[in-house]
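**Q** quick check, what structure comes out for this input:
(one chain, ligands or ions: 1)
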Amino acid sequence: MKVLLIYHHPSTRTLLEELSGTFNYELYCCPDHLNAQTTYTNQSFDVMIVETTDREYAWRPAVKDLQKCPPAPFLIMIGKGSEEEMTAALNLGAAAFLATPVRPQLLSMVFSQMMKRIELESQVQEAQRRAARIQKELEQSLERQKEAIAEKDLTYRELLLAYSRLQELNQQKNNFLAMATHELRTPVTVMKGYHRILLDERLGKLQPQQKEVLLESEQSCSRLIRIINSLLDLSRIEAGKLELIYQENDFINNVKMVIKQTKEACKRKQLSLVLKLSKGIRRFRYDRDKVNQVLTHLLENSIKYTPPGGKVYVSVQPYFWERRSADAAAGLKPQKEQRHQLEERTNHSSNAIMVQVTDTGIGISPEHQQEIFDEFTQVSSNQMNRSGLGLGLTISKRIIEAHGGKIWVDSRLNSGSKFIFLLPLSPSETSPGINEIRS
Ligand code: ADP
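**A** This next block holds a predicted model:
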């Protein structure tokens with residue numbers, strides 16, 4: 001701490017020299033204010049002690065000058081204590097006024113008070129400096145955040161652009177797919193027709209070998225037509241043009257008809273086909289062809305993915321479907337405990353039918369059970385009869401959901417699969433993008 005003393009009486013100087021040890025300050029002394037002004041004007045002091053003279057307060061401008069150098073020192077005035085002196089001290093902002101002769105204890109008290117104030121002020125200054133530092137850091141961080149937000153905004157806009165471009169490309173792809181498949185279907189159907197004419201020997205007798213080759217060729221045509229139809233279905237679904245034709249139908253009769261069509265394939269593969277149809281399923285409104293398409297596809301898959309000697313079961317039963325909207329929207333399959341209750345629920349008054357197509361085939365691993373319903377998904381580990389496109393289950397799911405129903409799989413690798421779907425007896429909702437025709 002630096003203390004400047006402008007003194008008049010040598011005793012004052014002696015007193016302050018004595019106190020410097022106690023309060024640990026450097027003392028700068030000057031016996032006259034003019035001398036002090038010229039020597040110390042540009043230096044800063046923590047405390048300035050000014051002893052007044054009788055001479056017309058000529059010391060005042062000098063003190064004012066010395067107070068200018070920041071930080072302004074604490075001013076202690078020593079004088080006789082006349083009213084004019086006191087007023088001048090107040091005007092100069094003096095922190096204390098001591099009357100002569102100065103009592104050492106009083107000066108000590110003033111000094112210790114001063115020390116406390118200086119200490120406090122330096123703490124306040126330090127706090128202010130810290131606050132200013134924090135504010136600066138905050139401003140910088142705010143600036144960085146603004147930049148990051150601007151960057152994100154840019155990325156978001158770029159993403160939006162890319163997304164709309166993708167949608168455009170997807171639309172172009174769909175249009176192309178729809179056009180190409182449509183164009184392909186006619187010649188392949190014609191080819192299939194000619195095969196039939198030849199196979200029926202309407203244009204002349206065939207050698208057994210010729211018949212065999214033609215039959216194989218006809219089957220290839222049928223496979224190609226199925227693939228083309230799947231692609232057409234998919235492009236219609238994606239364009240929101242899949243139409244459901246609701247008509248009141250006998251579901252059990254339909255199932256029997258589909259089963260009849262697949263019996264031959266089961267026989268060829270030495271698979272036994274077991275049918276369990278519950279009684280009491282009333283006629284209800286649904287799109288017969290579309291639901292038959294689902295049933296046929298599930299059955300064909302079961303036949304395809306079950307080794308010879310295995311079994312395929314089909315069961316249809318009335319079902320009380322306690323709909324949970326979130327569950328339906330997420331397309332989640334029922335929890336295990338819920339599944340245990342399936343049988344029980346069928347005893348209540350039904351509002352849906354439950355169809356199960358079960359096989360003893362190769363099964364599907366848990367990690368593939370959700371994705372097989374995604375388009376063009378075929379399980380890579382499953383090399384058995386990979387003749388499809390991985391679209392059948394996607395289309396089946398969309399058809400069932402368009403009816404307000406739900407489809408899922410329950411399977412274990414190497415132990416077989418069970419595909420289950422629920423169809424509401426009176427569908428109240430249809431999926432967006434599906435056109436519904438009620439007749
Ligand atoms: P694809 O017409 O190519 O068979 P799907 O959409 O019908 O396509 O089926 C997708 C995949 O699901 C199939 O490639 C197959 O791996 C698996 N899958 C479907 N049904 C069965 C089943 N019954 N048993 C085992 N795997 C099956």
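
**Q** tally of neighbours for the closest residue in space to residue 284 that isn't next to it in sequence?
**A** Closest residue to residue 284 apart from its sequence neighbours, by Cβ to Cβ, 6 or more residues apart in numbering: residue 425 at 4.5 Å. Quick note: C-beta positions are derived from backbone N, CA and C, even for glycine. Look at residue 425: counted by other Cβ atoms under 10 Å, it has 18 neighbours.

**Q** likewise residue 70?
**A** Around residue 70 there are 7 residues (other Cβ under 10 Å).

**Q** and it, what is it in contact with?
**A** residue 44 (Cβ atoms under 8 Å, 6 or more residues apart in numbering).

**Q** tell me if I'm right that the residue nearest to residue 284 and residue 349 touch.
**A** No - Residue 425 sits out of contact with residue 349 when judged by Cβ atoms under 8 Å, with a separation of 10.4 Å.

**Q** around the ligand, pick out the residues from the stretch 301-439 of the chain.
**A** In this structure, the stretch 301-439 of the chain approaches the ligand at residues 301-302, 305, 359, 361-364, 372, 377-379, 382, 388-394, 417, judged by Cβ under 6 Å from any ligand atom.

**Q** of those, which belong to helices?
**A** Using DSSP state H to define helices, the subset of those located there is 301, 302, 392, 393, 394.

**Q** determine the set of other helices and strands touching the host helix or strand of residue 132.
**A** Taking DSSP states H and E as the criterion, residue 132 maps to helix 104-199. Counting by 3 or more Cβ pairs under 8 Å, 6 or more residues apart in numbering; DSSP states H and E, the packing neighbours recorded for helix 104-199 are helix 10-23, strand 74-79, strand 96-99, helix 208-238.

**Q** got the contact list for residue 361?
**A** Contacts of residue 361 by Cβ under 8 Å, 6+ apart are 302, 305, 306, 307, 310, 416, 417.

**Q** generate a PyMOL selection restricted to the buried entries among those.
**A** Applying 16 or more other Cβ atoms under 10 Å to those, the buried members can be selected in PyMOL as follows:
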select buried, resi 302+305+306+310+416+417
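
**Q** who wins for proximity to the ligand among the helices and strands packed on helix 104-199?
**A** helix 208-238 (7.4 Å; Cβ to the nearest ligand atom).

**Q** what comes up buried for that closest one?
**A** Those would be 214, 218, 221, 224-228, 230-238, for helix 208-238 by 16+ other Cβ under 10 Å.

**Q** now, which of the residues you listed lie close to the ligand?
**A** Within those, nothing lies near the ligand by Cβ under 6 Å from any ligand atom.

**Q** low-confidence ranges in the stretch 201-350 of the chain?
**A** Filtered on pLDDT under 70, the stretch 201-350 of the chain yields the residue ranges 324-348.

**Q** and for the stretch 1-150 of the chain?
**A** For the stretch 1-150 of the chain (pLDDT under 70), the answer is 54-57.

**Q** spell out the secondary structure type for residue 408.
**A** strand (DSSP: H, G, I helix; E, B strand; the rest coil).

**Q** so what pairs up with it in the strands?
**A** residue 420 (DSSP bridges).

**Q** can you tell me how far it sits from the ligand?
**A** Counting by Cβ to the nearest ligand atom, to the nearest Å, the gap from residue 408 to the ligand is 12 Å.

**Q** quick one: that residue from residue 320, how far?
**A** According to Cβ to Cβ, to the nearest Å, residue 408 and residue 320 sit 17 Å apart.

**Q** of these two, give the one with the bigger neighbour count.
**A** Higher neighbour count among residue 408 and residue 320: residue 408, with 19 against 15, using other Cβ under 10 Å.

**Q** go ahead and confirm the more buried one touches residue 422.
**A** No - Residue 408 lies out of contact with residue 422 (Cβ under 8 Å); the separation is 9.1 Å.

**Q** before we move on, back to that, which of the ones in helices among the residues of the stretch 301-439 of the chain next to the ligand sit farthest apart?
**A** Farthest-apart pair in those is 302 and 394; separation 17.5 Å (Cβ to Cβ).

**Q** now the one helix or strand residue 86 maps to: buried residues?
**A** Assigned by DSSP H and E, residue 86 falls within helix 83-91. The neighbour-count check on helix 83-91 (16+ other Cβ under 10 Å) flags 85, 86, 88, 89 as buried.

**Q** next: stretch 112-131.
**A** Neighbour-count burial for stretch 112-131 flags 114, 115, 118 (criterion: 16+ other Cβ under 10 Å).

**Q** so can I have JSON lines of these showing distance to the ligand?
**A** Formatted as JSON lines, the buried residues of stretch 112-131 follow (distance: Cβ to the nearest ligand atom, whole Å):
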{"residue": "114", "distance to the ligand": "90"}
{"residue": "115", "distance to the ligand": "87"}
{"residue": "118", "distance to the ligand": "84"}
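
**Q** wait, which of those is closest to residue 292?
**A** Ranked by distance to residue 292 (Cβ to Cβ), the buried residues of stretch 112-131 are led by residue 118 at 97.0 Å.

**Q** pick out the residue closest to the middle of the chain.
**A** The chain has residue 156 as the residue nearest its centroid, 13.8 Å off, counting by Cα atoms, centre = their mean.

**Q** ok, that residue to residue 168 distance?
**A** Where residue 168 is concerned, residue 156 sits at a distance of 19 Å (Cβ to Cβ).

**Q** quick check: closest non-adjacent residue to residue 80.
**A** The shortest distance from residue 80 to any non-neighbouring residue, by Cβ to Cβ, 6+ apart, is to residue 100 (6.1 Å).

**Q** test my guess that that neighbour contacts residue 15.
**A** No - using Cβ under 8 Å, residue 100 is not in contact with residue 15, being 10.9 Å away.

**Q** which one's more surrounded, those two?
**A** residue 15 (20 against 15).

**Q** quick one: contacts for that one?
**A** Contact partners of residue 15, counting by Cβ under 8 Å, 6+ apart, are 102, 104, 107.

**Q** select only the buried ones of the residues you listed in PyMOL?
**A** Entered in PyMOL, the line below selects the buried ones among the contacts of residue 15, by 16+ other Cβ under 10 Å:
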select buried, resi 102+107
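
**Q** any chance of the contacts of residue 15 in TSV, plus distance to residue 10?
**A** Listed next are the contacts of residue 15 as TSV, based on distance: Cβ to Cβ, whole Å:
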residue	distance to residue 10
102	13
104	15
107	16
